[in-house]
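**Q** Structure, please.
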Amino acid sequence: MGVCGYLFLPWKCLVVVSLRLLFLVPTGVPVRSGDATFPKAMDNVTVRQGESATLRCTIDDRVTRVAWLNRSTILYAGNDKWSIDPRVIILVNTPTQYSIMIQNVDVYDEGPYTCSVQTDNHPKTSRVHLIVQDGQGFVSEDEYLEISDIKRDQSGEYECSALNDVAAPDVRKVKITVNYPPYISKAKNTGVSVGQKGILSCEASAVPTAEFQWFKEDTRLATGLDGVRVESRGHISTLTFFNVSEKDYGNYTCVATNKLGNTNASITLYGPGAVIDGVNSASRALACLWLSGTLFAHFFIKF
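**A** Next up, the predicted model:
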């Protein structure tokens, strides 16, 4: 049913038809010399979704009637509101300016808006196009950063900035986490006298964080076993002897494991006068190899 349906009185229908005939003049109607800047509206209005859009039309004292339209829909005719949308309000209606505002704009508000005026001579129109950006503020669809063969030292926070001539730059930060198997970065032999407190330390880098285990030969060590304490915090694990005895001297293996792999290091607890070369022997390496392989298989099953 058209605008002259059953809900309109005949005089109301006549007003609607008159307004549309008056204001729906095609864009580009010739303007006489001297009228080139009248009426004048903004070329484009760009706002972000959720903000308010102001549509301004500059007029002069020759104007007898004014209206704002969205396509074929009359929003305002003079001070009279025709739109049922509560977000559309009139801002200014003076002899020099006729402006409206659309509050809390959404993407469906995007499109052409027409400022139509009637002078003593003939009607004139000017058009403004409302552009609504999405809430994220990013309008580019093909901008991306590609990192090939990424290394662990390339993890961290990256920043993307999008800007145009409408508003301040919109900045987003992206955190990249690079997963990698453990590697032991620090493991040092320690010399301690009998009866003293001794600490062996093992430091490993890994993402996800590594889990640590300590062994002496093929025996796994745990807190409370033979007077030792095993403690792991973050990327460091320690094996503490509270009262070192002769039987505590020897080689210990630190194993660091996560779901991507495992690594190990041999650390020696020695007494005064012991000769330590600081390098793992071949037999130690072979023992650590089969031990860490068994541990990794057990650990991997948990994931």
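**Q** who's in contact with C57?
**A** Neighbouring residues of C57 by C-beta atoms under 8 Å, 6 or more residues apart in numbering: P39, K40, A41, V66, W68, Q97, Y98, S99, C115, V117, S126. C-beta here means a position set from N, CA and C on the backbone, and glycine is covered the same way.
**Q** Let's see that with 10 Å instead.
**A** 38-42, 63, 66-68, 92, 97-100, 113-117, 125-126, 128 (C-beta atoms under 10 Å, 6 or more residues apart in numbering).
**Q** Low-confidence bits of the stretch 1-150 of the chain, can you list those?
**A** 1-38, 40-42, 136-143 (pLDDT under 70).
**Q** Identify the residues contacting the strand or helix carrying V174?
**A** For V174, the host element (DSSP states H and E) is strand 170-176. Here strand 170-176 makes contact (C-beta under 10 Å, 6+ apart) with 48, 133, 136-139, 145, 147, 150, 154-164.
**Q** Quick check: what element follows that strand along the chain?
**A** strand 180-187.
**Q** Sort out which of the contacts of strand 170-176 are in strands and list them.
**A** R48, Q133, G156, E157, Y158, E159, C160, S161, A162 (DSSP state E).
**Q** residue contacts, the third one?
**A** Same thing as G156. Contacts of G156 by C-beta under 10 Å, 6+ apart are V174, K175, I176, T177, V178.
**Q** Relative to E211, which of those is nearest.
**A** The shortest gap between E211 and any of the contacts of G156 belongs to T177, at 18.1 Å (C-beta to C-beta).
**Q** separation between the closest one and Y158?
**A** With distances taken as C-beta to C-beta, to the nearest Å, T177 is found 12 Å from Y158.
**Q** for Y270, same thing?
**A** 47 Å.
**Q** of those two, who's got more company?
**A** The neighbour count for Y270 versus Y158, taken as other C-beta atoms under 10 Å, is higher for Y270 (17 against 13).
**Q** Now render the contacts of G156 as a markdown table, adding distance to D248, neighbour count and pLDDT.
**A** What follows is the contacts of G156, written out as a markdown table (distance: C-beta to C-beta, whole Å; neighbours: other C-beta atoms under 10 Å; pLDDT from 0 to 100):
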| residue | distance to D248 | neighbour count | pLDDT |
| --- | --- | --- | --- |
| V174 | 49 | 10 | 86 |
| K175 | 44 | 8 | 88 |
| I176 | 44 | 12 | 89 |
| T177 | 39 | 9 | 89 |
| V178 | 39 | 13 | 90 |
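**Q** Can you name the two of the residues you listed that sit furthest apart?
**A** Within the contacts of G156, V174 and V178 form the most distant pair, 13.2 Å apart (C-beta to C-beta).
**Q** Any of the ones in strands among the contacts of strand 170-176 buried? List them.
**A** R48, Q133 (16 or more other C-beta atoms under 10 Å).
**Q** Now distance to G195 too, for the ones in strands among the contacts of strand 170-176, in JSON lines please.
**A** Output for these, formatted as JSON lines (distance: C-beta to C-beta, whole Å):
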{"residue": "R48", "distance to G195": "73"}
{"residue": "Q133", "distance to G195": "74"}
{"residue": "G156", "distance to G195": "47"}
{"residue": "E157", "distance to G195": "50"}
{"residue": "Y158", "distance to G195": "54"}
{"residue": "E159", "distance to G195": "56"}
{"residue": "C160", "distance to G195": "61"}
{"residue": "S161", "distance to G195": "63"}
{"residue": "A162", "distance to G195": "67"}
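**Q** which one of the ones in strands among the contacts of strand 170-176 is nearest T219?
**A** Closest approach between these and T219, by C-beta to C-beta: G156, at 40.6 Å.
**Q** and that closest one, how far is that from I267?
**A** 31 Å.
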